[in-house]
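*Asks:* Pasting the sequence and the predicted model now:
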Amino acid sequence: MKKLWVMALGTAFLLQTAALYAADVKFEGDFRVRGIYADDLDANEDVNDQQAFADGRFRLRTTATAGITSGVVVLDFTSSFSDPRQTGAGGAVDCSATGCTTGNYRFGSANFGGSYNIVGVREAYLKLDLNMVKLAFGRKPFRLGHSLILDDTMDAIVGKFMVGGFEVMLANGKLLDTNSTVAPGGGLTGSDTDLYIAKTGFNHGDMHNIGLFATYLKDRGPAFLPAAAAPDKTELWVLGVTADGKFGAINLGAEVDFLTGSQDVTTGDSVDLAGLNVLIGLGFDVGAVDVGVAALYTTGDDGTDAGERNVNGISGNFVLGNILINDNILSDREGQCASVGGARIGSGGSSCFAGLGVTGIKVSAGLEGVPFGKTCHTELAAIWAQTTEDPIGPGGAGDSDLGIEIDLNHKHKLDDNVAVAVNLGYLLSGDAWQTLTGGDDNQLKGIIALNYMF
């Protein structure tokens, strides 16, 4: 009996000790189902691009905290990262059919029976709180300013600390590691691609905030940034300034980004990289109506100077409207780089690099409580936009007018965990589309989404 008591007391002690060091584990989830309809998003009725489908996404976030350390893992379930059943020209994966690497999966792709066997790790990083310094290691989200330059995940080492009352963030993002086992062909560290970030800001109470950030993209190898000729290396600097504040009844948000760099080539002269973004937004109330006005200007590439190319961002996800500057049919990131045409840096999408740029004005008016009570909000918006540089076609320079977009957005919160959103967009296409896609038909897109969050 005495041995039993000793064993019981010892077990209780061990369990108590383990409990003291047990991690605090929290789970959060986001399950989204959407119905999507789109027609003539290329403004060309001769191209059969009408779409009507449903897609789903389940995202699970797990956070484990023990002492000064936290581990975060975000998983995407039923995500079509490289579905071999959906192929395009030359056998390549057709992302228009599945939404590659987005966390979305269109219903019906798996046929009868079986289970989706695709799980993606969207985020995975450790956080270490050392009081004076906070560190993070792994794949984590980054957002600079108003998402014009960068709003995405990447592998990085991050440090945050205070300097004279200012919080400073320094980060080294590893975009391409040629020593890793997943790097195509392998290689030396001298061919890596890194993104270095410095970010700071200061607040005046809770009403005003000024932010400063600088990034330095160093592509040491020839394959990361799209090139005008055989590249040797690329360097790109970005300096951004943001301002957000409340001045009486007016809310202000603004951002200015300067981009400059160079792309060396193996033969011939190097190519200069340059760009500028300007965003100004105002919000205020008129009676029960919340009114918003936003103006966007981004430089473009006119195609006349082979020694200079335009850049508007790294991996931005800025949203202008439901159709213009919005790729949420194929991506859960919802936006894209604030330009028209070109290639997104590093991933081959659109449209950070060598695009035409975009100039636009958006006016919106929203009303809370209409039509289903205080838990809903309805907004009507109008957007005028044009390409900053004229598109060039076989007949020479074309018109820059992208048209006028009318949006209707409604969100209804059913309870603390469930919300329904309806987003409709109709673009009265301008003459620029005749040069860009060969048509000027009006464009239509509608999305109904059900979100369950826990």
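*Replies:* Received it, and whenever you're ready, just let me know what you need. The structure presented is a predicted model; accordingly, all values stated were derived computationally and were not measured.
*Asks:* Now residue 436. Its backbone dihedrals?
*Replies:* Backbone torsions of residue 436, given as degrees, to the nearest 10, read phi -70, psi -40.
*Asks:* That one - how many residues pack around it?
*Replies:* Burial of residue 436 is recorded as 21 neighbouring residues (other Cβ atoms under 10 Å). Quick note: C-beta positions are derived from backbone N, CA and C, even for glycine.
*Asks:* nearest residue to it other than its sequence neighbours?
*Replies:* residue 391 (5.4 Å; Cβ to Cβ, 6 or more residues apart in numbering).
*Asks:* you'd agree that neighbour is up against residue 398?
*Replies:* Yes: taking contacts as Cβ atoms under 8 Å, residue 391 lies within contact range of residue 398: 4.6 Å.
*Asks:* which of those two has more neighbours?
*Replies:* residue 391 (23 against 18).
*Asks:* got a list of what that one touches?
*Replies:* 341, 356, 397, 398, 399, 400, 432, 435, 436 (Cβ atoms under 8 Å, 6 or more residues apart in numbering).
*Asks:* Tell me the pLDDT of the residue lying closest to residue 193 once chain neighbours are set aside.
*Replies:* Nearest residue to residue 193, sequence neighbours excluded (Cβ to Cβ, 6+ apart): residue 176, at 3.8 Å. pLDDT for residue 176: 80.
*Asks:* Look up phi and psi at residue 433.
*Replies:* Dihedral angles for residue 433 - degrees, to the nearest 10 - are phi -70, psi -20.
*Asks:* Give the burial count for it, as a bare number.
*Replies:* By other Cβ under 10 Å, 25 other residues sit near residue 433.
*Asks:* and the strand or helix carrying residue 34, what other elements does it pack with?
*Replies:* Using DSSP states H and E, residue 34 falls within strand 24-39. Using 3 or more Cβ pairs under 8 Å, 6 or more residues apart in numbering; DSSP states H and E as the contact criterion, the elements in contact with strand 24-39 are strand 51-66, strand 443-453.
*Asks:* So what's the gap between stretch 285-305 and the chain middle?
*Replies:* Stretch 285-305 has its C-alpha centroid displaced from the chain centroid by 18 Å (Cα atoms, centre = their mean, to the nearest Å).
*Asks:* Pull out the buried positions in it.
*Replies:* Using 16 or more other Cβ atoms under 10 Å as the test for burial, stretch 285-305 gives 290, 292, 294, 296, 297, 298, 299, 300, 301, 302.
*Asks:* Stretch 261-278 too?
*Replies:* For stretch 261-278, by 16+ other Cβ under 10 Å, it's 261, 263, 264, 265, 270, 271, 273, 274, 275, 276, 277.
*Asks:* Could you tell me which of the residues you listed belong to helices?
*Replies:* Judged by DSSP state H, the buried residues of stretch 261-278 include no members of helices.
*Asks:* farthest pair in those residues?
*Replies:* 265 and 277 (26.2 Å; Cβ to Cβ).
*Asks:* Residue 129 and residue 114, how far apart?
*Replies:* 44 Å (Cβ to Cβ, to the nearest Å).
*Asks:* Mind checking which of those two has more residues around it?
*Replies:* Taking neighbours as other Cβ under 10 Å, residue 129 and residue 114 compare with residue 129 leading, 15 against 7.
*Asks:* Any idea how many residues pack against the residue nearest to that one when sequence neighbours are not counted?
*Replies:* For residue 129, ignoring the flanking residues on the chain, the nearest one in space by Cβ to Cβ, 6+ apart is residue 68 at 4.8 Å. Residue 68 has 12 neighbouring residues, counting by other Cβ under 10 Å.
*Asks:* Return the backbone torsion pair for residue 68.
*Replies:* Per-residue torsions, residue 68: phi -90, psi 0 (degrees, to the nearest 10).
*Asks:* Just want the most central residue of the chain.
*Replies:* With distances taken as Cα atoms, centre = their mean, residue 317 lies nearest the centre of the chain, 3.5 Å away.
*Asks:* who's in contact with that residue?
*Replies:* Neighbours of residue 317 in contact, by Cβ under 8 Å, 6+ apart: 147, 151, 152, 333, 334, 335, 336.
*Asks:* Separate out the buried members of these.
*Replies:* Restricting the contacts of residue 317 to buried positions leaves 147, 151, 152, 333, 335, 336, with burial counted as 16+ other Cβ under 10 Å.
*Asks:* Show me those residues that map onto strands.
*Replies:* Counted as lying in strands by DSSP state E, out of the buried ones among the contacts of residue 317, are 151, 152.
*Asks:* could you redo the buried ones among the contacts of residue 317 as JSON lines and give each row distance to residue 424 and pLDDT?
*Replies:* Converted to JSON lines, the buried ones among the contacts of residue 317 look like this (distance: Cβ to Cβ, whole Å; pLDDT from 0 to 100):
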{"residue": "147", "distance to residue 424": "23", "pLDDT": "94"}
{"residue": "151", "distance to residue 424": "24", "pLDDT": "92"}
{"residue": "152", "distance to residue 424": "27", "pLDDT": "90"}
{"residue": "333", "distance to residue 424": "20", "pLDDT": "68"}
{"residue": "335", "distance to residue 424": "18", "pLDDT": "82"}
{"residue": "336", "distance to residue 424": "19", "pLDDT": "84"}
